[in-house]
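**Student:** Would you be able to build a 3D model of this:
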Amino acid sequence: HMSVLQRVRGGLAPAKTGALSAGQLVFWVRWAAVTFAVLLYSPRNREDSWFKSLFVRKVDPRKDAHSNLLTKNEESNLYKIQFHNVKPECLDAYNKLCEDVLPSIHADKYYPCELVGTWNTWYGEQDQAVHLWRYRGGYPALTEVMNKLRQNKEFTAYRMERGKMLLSRRNQLLLEFSFWNEPVPREGPNIYELRSYQLRPGTMIEWGNYWARAIQYRQRNREAVGGFFSQIGDLYMVHHLWAYKDLLSREETRNAVWQQEGWHEVVYYTVPLIQRMDSRIMIPTKASPLK
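**Tutor:** Below is the predicted model:
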């Protein structure tokens, strides 16, 4: 490259006393383009070039459905997350109604489902309730529960009364990532953070590959509760659920992870996969197994 640099120095020497001529400017632009191409495609830099990392993914394409590659197939758990936007003046009555009905369904073995957690949002969406259910046995268990609840007069009355209190509601059906722990009841008091990521279509397996390694950095304070991705509802949506003692503990835990070697690389490669992200800080209700 020395001969190129010498020609550049020689070509630019007259410019010390004035503006670049048109010929010098064209030469400089062409030289910059060639230099960029050399850096990008040079065999010496092919594997670790910073430029190359902007354009080339490091995950091989797979033909399998991401639900088969990323889930715990032997358990086949299906999850449903519900978001209920409650009229502000009705939130206390809504919580009381849920406390009277939801735990009974959770405890009744007649229904193959479990209430994983139920919360009110504290920061983020206001006057919102979030419920997370688990169906052991997948879609057949979900269908069985739905059919049985149609015959449950108490639940029918609950839904009618609940409808008077809501502004809107939506839900998603989720599968759990194989590399996250299954969410289990825990003692409190805790606050919970639900971090939701809308990924670019086609990047779910890439996200899973990085987070399968990244989750090891987030286990030291037992803050990792569960990780899920959508199957029905908003697609290519990922939810990570974390538990902290309080907001200060959350800040300290999240800051500490940056001191661990390798975490910055996970962030570097996963941020470009995200189209949109959202965070909710949530408080468990009395009926929640996650306290």
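**Student:** how about stretch 152-168 as CSV, C-alpha atoms only?
**Tutor:** In CSV, the C-alpha atoms belonging to stretch 152-168 read as follows (Å, rounded to 0.1, in the frame of the first residue of the first chain):
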residue,chain,number,x,y,z
ASN,A,152,-68.1,-23.0,34.6
LYS,A,153,-70.9,-20.7,35.8
GLU,A,154,-68.6,-18.9,38.3
PHE,A,155,-66.1,-18.1,35.5
THR,A,156,-68.8,-17.0,33.2
ALA,A,157,-70.0,-14.5,35.8
TYR,A,158,-66.4,-13.4,36.4
ARG,A,159,-66.0,-12.6,32.7
MET,A,160,-69.2,-10.6,32.5
GLU,A,161,-68.3,-8.6,35.6
ARG,A,162,-64.7,-8.2,34.4
GLY,A,163,-65.9,-6.9,31.0
LYS,A,164,-67.5,-3.9,32.7
MET,A,165,-64.1,-2.8,34.2
LEU,A,166,-61.9,-3.1,31.1
LEU,A,167,-61.0,-0.5,28.4
SER,A,168,-59.2,-3.1,26.2
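**Student:** So which residues make contact with that stretch?
**Tutor:** Contact partners of stretch 152-168, identified using CB atoms under 8 Å, 6 or more residues apart in numbering, comprise 84-87, 90, 93-94, 97-98, 100-101, 104-105, 149-150. In short, each C-beta sits where N, CA and C put it, glycine included.
**Student:** Farthest pair within the residues you listed?
**Tutor:** Farthest pair in the contacts of stretch 152-168 (CB to CB) is 87 and 150. Separation: 26.1 Å.
**Student:** Would you list the phi and psi of residue 286?
**Tutor:** phi -60, psi -30 (degrees, to the nearest 10).
**Student:** how much space between it and residue 132?
**Tutor:** From residue 286 across to residue 132, the span is 16 Å (CB to CB, to the nearest Å).
**Student:** Settle it for me: which of those two has more neighbours?
**Tutor:** More crowded of residue 286 and residue 132, by other CB atoms under 10 Å: residue 132, with 25 against 11.
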